[in-house]
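Visitor: task: produce atomic coordinates for the following.
(2 chains)
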Protein chains: 2
Amino acid sequence: MKSNNTVGESVTRWDAYAKVTGRANYTADIPTKTKLYASIVRATITHGYVKNFDFSEALEVEGVIKILTYEDMPKNKFSTAGHPYGLDPATRDRYDRNILTNHVRLYGDEIAVVIATNELASRIAASKVKVEYDELPFYLTPKEALSKDAVLIHEDLDSNILKHTTSSVGDIKKGFDESDFIFTDNFKVPIQQHCHLESQIACAYKGDDNRWIVISSTQIPHILRRILGEAFGIRWSSFRVIKPFIGGGFGNKQDVTIEPLCVACSMAMNGQPVQIALSKEESIAYTRTRHEMEYSAKMGISKDGIIKALDIEVLSNKGAYASHTHAVGIKGGGMLLSLYDIPNFRYDIKTVYTNIATAGAMRGYGIPQVMFFIESFMENIARKMGFNSFEFRQKNIIKNHSYNPLNQVTQESVKLQECMDLAKKIFCYEDKLKQCKNYKHNYKKRGIGMANFSYTTGVYPKGLEIASARAILNQDASIKLMLGATEIGQGSDTVLAQIAAEVLTIPYESVIVDSITDTDTAPFDTGSYASRQSYVSGEAVKRAAIDLKNKIIKSAAKFKELDSNELILSNSKIINTNGDFIMSLEEVALNSMYNWQKAEILVGEGSYNCHNNSYSFGTCLAYVEVDCESGKVKILDILNVHDSGRILNPLLASSQVEGGMGMAIPYALSEELKYDKFGKVLNNNLLDYKVPTAMDLPDLNSAFVENYDPYGPFGNKSLGEPPMCLPAPAIRNAIVNALNIEINEIPITPEKIFNLKAKSCIN
Amino acid sequence: MKSNNTVGESVTRWDAYAKVTGRANYTADIPTKTKLYASIVRATITHGYVKNFDFSEALEVEGVIKILTYEDMPKNKFSTAGHPYGLDPATRDRYDRNILTNHVRLYGDEIAVVIATNELASRIAASKVKVEYDELPFYLTPKEALSKDAVLIHEDLDSNILKHTTSSVGDIKKGFDESDFIFTDNFKVPIQQHCHLESQIACAYKGDDNRWIVISSTQIPHILRRILGEAFGIRWSSFRVIKPFIGGGFGNKQDVTIEPLCVACSMAMNGQPVQIALSKEESIAYTRTRHEMEYSAKMGISKDGIIKALDIEVLSNKGAYASHTHAVGIKGGGMLLSLYDIPNFRYDIKTVYTNIATAGAMRGYGIPQVMFFIESFMENIARKMGFNSFEFRQKNIIKNHSYNPLNQVTQESVKLQECMDLAKKIFCYEDKLKQCKNYKHNYKKRGIGMANFSYTTGVYPKGLEIASARAILNQDASIKLMLGATEIGQGSDTVLAQIAAEVLTIPYESVIVDSITDTDTAPFDTGSYASRQSYVSGEAVKRAAIDLKNKIIKSAAKFKELDSNELILSNSKIINTNGDFIMSLEEVALNSMYNWQKAEILVGEGSYNCHNNSYSFGTCLAYVEVDCESGKVKILDILNVHDSGRILNPLLASSQVEGGMGMAIPYALSEELKYDKFGKVLNNNLLDYKVPTAMDLPDLNSAFVENYDPYGPFGNKSLGEPPMCLPAPAIRNAIVNALNIEINEIPITPEKIFNLKAKSCIN
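Guide: The predicted structure is shown next:
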């Protein structure tokens, strides 16, 4: 029976063997005929205009075939954001870029492209292109870009503000009037880079039917197809996007970066395959980043610790192009109201164009920022008011069935209190608190910190949620599960196969999935982002499987001339309501194809337009030791406890949490994309941009408060991004606890701690 | 309006551009990683056992990696025939072979395989394998194989008769008793080879999920998948068959020839891609052929020319393996009763194993043979009884609504008389008859001949007929049409796209089809054979399109909050019953994906288990000039007139007829696969096996008696194979007419005519 109830089991990833043995095919592995290679010519100024190109030296490089510039590109503006299309233009992202530009908006902006017979030649030639520029002043921060006389980075706007919104709930003035205490504080979070192992890569060529095939390492095959259509101003179905295995994305591949240029190159070569593969340096410096944000906040509290009002002003550093426009920034405001009960609330945010790399989607989509802000702020206030960290939060966390007026959803499975309780228990919180107090060392201090979070599942009602799936019955009672959902390493193919197996009562091993998503044939799905796949695509898979199951039962009834209402599919068998065996699923399958009189091919289709959003919650506890002499922070213990509803695959779930914590810990302590004063990235490689190795990370502990959300297909809620939202503020709070000094900016590098010269460190 | 009513129009093939420009990808063009090459070691005796191999010299060839023999292969017996599986084992073909054999049953039998890094090395090494044999007597003809002391070619049978059946209708004795005249005669037809341009080729490798991917030039992807499962004795879904563009098949690729061996080679190489590509010589000599058949017949006729009885005995030369078993031979008997009204009938046929290449499916599937026999016999009798060719046939042809007791079907759209009438008219038959009579030349004679035929559409009720299709609506109101039907050059993709376009009222150009059939994702369909695709798969496509159309209308109703019963899809628009515009199809499509509240992905599925069989009919007229000195026959004029129901694409239809005539003319005059007395093929190449060039063929004329068959999806009936069934007897009858001598065997080569020393030629 075991293998027929696969949801909730730690089945092995279907792609484990292919990945471990190296058989898995990534974009670079997909063979094509006579491939050409293109490299991007990047601007060497930070803001200005291209006056003139000199290609003479570049064209002398052996193997160079052609150089294309802005002039050779279609003139349609488009957005690179991996958001589903909106029928209402007001819901769309800002269309602010072309495939190449003569208006340079950041150092490294894309001004030309060299096509050559080999990659090295294209790169050498790209470096030999000489460019004359008209330079303009540039701005690396929102504050600079908002200065009175700042020139416009995008000429069609009145200022460098891409978008400015204010969201309110209740009466903010009244809230402060009713408060006993008012606290103000400022917080800042840095630019983080995804650093997926596989850099952006795409290959485009003309297919048999004169349409354009684009093989790409993308999180959003169907969206990419549409954006290509928009960029070229031709029928969207002129493009066929193929997504092979992906070596990580984390949101960076939720943007369309190189694909339109890749197609333009192939078009210039009469449809020959052209590949663009960004170097690690290009990927780090010139693709998308996590938004740098600055928070100025004011909180009103009653004397018994109840939040009365919260007023926040945020500056979000957008970089040179709109990408996801204002969405990443605005999301944070809404989430706060589903973490704490804040009756009077104002969230004012400006997303501001600057002359640095464009910020886009990154695991957590604005929430790691806002959680760092709120959980640091909460901690500061708890400290000032003399509350215990847990106690203060417990007074204010939202309850089950609470409605979020900004996000317009009601939560029906909130287990945040339970997460806090479980975290305390597993972590032996009280013991560790005592250990901290009792710890005596000349220059090392210990501290403990906690943080909560809440996170959405998908984008409803802020955006479209649609997914579809298809289940095809094979002769041997296996099924081919066709997915629009995009496996990018997170294991969604495995979990979705479990869902199909569960519904169809077949072993997990009997579900065939594919590493390749092909927009021509794969069911429509908007892609991998917003931790939506097991929740939205999972429901589509469930529906496809149920549709197939119903057809199987009907066919069995037809073959055996019985009433389908009296038949059940159970354990790969058709039985009747008395439990008598009628026929095996394999017999049904064989008959569906080979019964001369009654054959009928059985395919299940599932489509799901999701109108729910179930939030995940959780608590992190971190126990740290700060070396005041070196400034180094050592994490002695760390634990994420998650309420993600029902856990579909415990092994994959804990892997997700580990991965998220592995990105969140350096967000707290080390990672930051840094610019020199001219706007050039200083640490564009993995030697200088410090991604932690396994040696740098502590043991990563996770636990789950299992729960059954009424809207998830199997009670499940988001888990892909949530783990990223917790550790940074918990670690920060632990450091604050250790040093007894408030640090409101991450990363808390050794340098920063050293420069604090904290009193507590002076023995 | 034109482009929205595409059925019946001569739209351009969707793949025309890809084929003309060379962009079309055939199996050899599909790039794979690090491909290895395998060549077959073939027996150099005609019957016997392998005693011993000596691989020493072969293994010394640089690049050779491995040699596999019978011992290395799975021991499951299988059939190579591209027939759908039968749930009843009695309906299955005979499973009489393994992947390699140590029992050599024909010269060239497959006894080992050499895997090397390059094709040349594998071929050289294969030629250097030394083999010791125990030889057995061999038999090249059924008569030899049936001799009293013949050794068994397949040890598990009692004789070399693979199958012997006798079909009867009425009372044959009574029929002859009632006859005024009784005629007997013998006829013989030769072995013909398909000579498709692209020889058999396949490449197999292990996929990401440890299943086996087989890229193959096959007519039967889904059947191939099943046969691989049977050959290896593992789950059928362990295989994924991918069919790219195909350079012709004509039935030869309705057999599974090299694919199991190809997979076995890849298995031996740990899943690395291994390609087997037969040389033209191998393809001609060692794959499948058209059955050689001998007919001994007796016909009873009333004095007014009415057929009373027909008794036929047939010997069918099977060659070494069963392949399609008895089906090709037995089909002929049934067809005769749907051409002429024969009240008393006996058809006795033996399919006999011999030691030559295995006969299998070839365009016409036994009917070119039987039509040659019957139409030659009819002509001989007409001549003897003094009837005009047309007059004699008109007395005996079946009428509409006639029931065929052997085939158990009733025809509802018989237009054979109309075909005869139209043929006579277009051909100016009476004028040409006079010309023949009046033609005077020292050594050239002219003659005119005619022949009729009937032909099935698909295989019902003798076998399973099932097809399915899928239509996916894209954002821009194009559709992706997913087909299980197999395009092998005949244009089925184009015609099926026309059907979908017609139903969905969209331009033909808005239907996207694919050169590739992938058994993982393509709807189940048994493949390309039996002229079934536009009739059976066409109905599946129609159903998928109707299913999608209904969903489109329902969605439009949902979006506009209207009653779907009052909406119509017309000319790519939703209108109401008053003709008022409601919304465009593109708006429906965009809403189906992007309407935040009401999105629902629209996919149409169609499945069709066909329980009809509508026969096609037709008449050929040939006008020839025989050069008695050289023996050469010149075709002065030739015309095929077909009743194929409604013509879906006149351009493709006439191309089909031309192609079929181009194969049938040399069947009459030149083509024959010849063996030396040791059983070795003499003419295994295109220099010696005379396929006509364009210069060798006359103008090929065709006409259609359009008709609307009640069972075809758009009134259509078979057309792929029918053109092959007509010209040979018509040409033969014209030669007989010219020379006034009965020739009962084809090909009628110059040599044969020369050796006749016909009296009529002696002036």
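Visitor: in the stretch 501-650 of chain A, which spans are strands?
Guide: A:511-512, A:517-518, A:567-570, A:573-576, A:581-584, A:603-609, A:616-627, A:633-643 (DSSP state E, counting those that start in this stretch).
Visitor: quick one: residues in contact with the first one.
Guide: Pointing back at strand A:511-512 there. Residues outside strand A:511-512 that contact it (C-beta atoms under 8 Å, 6 or more residues apart in numbering or on different chains) are A:14, A:474, A:478-481, A:497-498, A:500-501, B:209, B:211, B:237, B:520. Where C-beta positions appear, they are placed from N, C-alpha and C, glycine not excepted.
Visitor: pick the one among these closest to residue B:651.
Guide: residue B:520 (33.3 Å; C-beta to C-beta).
Visitor: return the most buried member of the strands of the stretch 501-650 of chain A.
Guide: Mean neighbour count (mean count of other C-beta atoms under 10 Å in any protein chain shown) peaks for strand A:616-627 among the strands of the stretch 501-650 of chain A, with a mean of 28.
Visitor: does anything pack onto it? Which helices or strands?
Guide: With contacts defined as 3 or more C-beta pairs under 8 Å, 6 or more residues apart in numbering or on different chains; DSSP states H and E, the packing partners of strand A:616-627 are helix A:416-427, helix A:429-438, strand A:444-455, strand A:633-643, helix A:727-739.
Visitor: roughly how far is that strand from the heart of the chain?
Guide: Strand A:616-627 sits 22 Å away from the centroid of its parent chain (C-alpha atoms, centre = their mean, to the nearest Å).
Visitor: ranges for the helices of the stretch 451-600 of chain A?
Guide: A:492-504, A:538-560, A:585-594 (DSSP state H, counting those that start in this stretch).
Visitor: of all residues in chain A, which one is nearest the centre?
Guide: The centroid of chain A falls nearest to residue A:363 when counting by C-alpha atoms, centre = their mean (3.4 Å).
Visitor: so who does that one touch?
Guide: Counted by C-beta under 8 Å, 6+ apart, residue A:363 has contacts A:194, A:250-251, A:660, A:663, A:720-721, A:724.
Visitor: please put the alpha-carbon coordinates of stretch A:188-201 into PDB.
Guide: Only the C-alpha atoms of stretch A:188-201 are listed here, as PDB (Å, rounded to 0.1, in the frame of the first residue of the first chain):
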ATOM      1  CA  LYS A 188      19.000  49.200   5.500                       C
ATOM      2  CA  VAL A 189      19.500  46.000   3.500                       C
ATOM      3  CA  PRO A 190      22.000  45.400   0.800                       C
ATOM      4  CA  ILE A 191      22.100  44.200  -2.800                       C
ATOM      5  CA  GLN A 192      22.300  40.500  -3.000                       C
ATOM      6  CA  GLN A 193      23.100  38.400  -6.000                       C
ATOM      7  CA  HIS A 194      21.500  35.000  -6.800                       C
ATOM      8  CA  CYS A 195      24.700  33.300  -7.800                       C
ATOM      9  CA  HIS A 196      23.000  30.300  -9.400                       C
ATOM     10  CA  LEU A 197      25.600  27.800 -10.500                       C
ATOM     11  CA  GLU A 198      24.500  27.900 -14.100                       C
ATOM     12  CA  SER A 199      24.800  31.400 -15.600                       C
ATOM     13  CA  GLN A 200      22.300  32.700 -18.000                       C
ATOM     14  CA  ILE A 201      22.500  30.800 -21.300                       C
END
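Visitor: what residues sit buried inside that stretch?
Guide: Within stretch A:188-201, the residues scored as buried using 16 or more other C-beta atoms under 10 Å in any protein chain shown are A:188-196, A:198-201.
Visitor: and that stretch, does that touch chain B?
Guide: No - applying C-beta under 8 Å from any C-beta of the partner chain, one finds stretch A:188-201 separated from chain B by no less than 15.7 Å.
Visitor: quick one: average pLDDT of that stretch?
Guide: Averaged over stretch A:188-201, pLDDT sits at 97.
Visitor: and the gap between residue A:218 and chain B?
Guide: Per C-beta to the nearest C-beta, to the nearest Å, residue A:218 is found 17 Å from chain B.
Visitor: near that residue, how many other residues are there?
Guide: Residues lying near residue A:218 (other C-beta atoms under 10 Å in any protein chain shown) number 34.
Visitor: checking it next. Helix, strand or coil?
Guide: What DSSP: H, G, I helix; E, B strand; the rest coil gives for residue A:218 is coil.
Visitor: follow-up on the earlier one: want to throw the contacts of strand A:511-512 into CSV with pLDDT, neighbour count and distance to residue A:130?
Guide: Shown next, in CSV, are the contacts of strand A:511-512 (pLDDT from 0 to 100; neighbours: other C-beta atoms under 10 Å in any protein chain shown; distance: C-beta to C-beta, whole Å):
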residue, pLDDT, neighbour count, distance to residue A:130
A:14, 93, 23, 51
A:474, 98, 22, 60
A:478, 98, 23, 60
A:479, 98, 29, 58
A:480, 98, 21, 54
A:481, 98, 27, 53
A:497, 98, 25, 54
A:498, 98, 27, 57
A:500, 98, 32, 57
A:501, 98, 25, 60
B:209, 90, 19, 50
B:211, 96, 16, 53
B:237, 97, 21, 58
B:520, 97, 22, 51
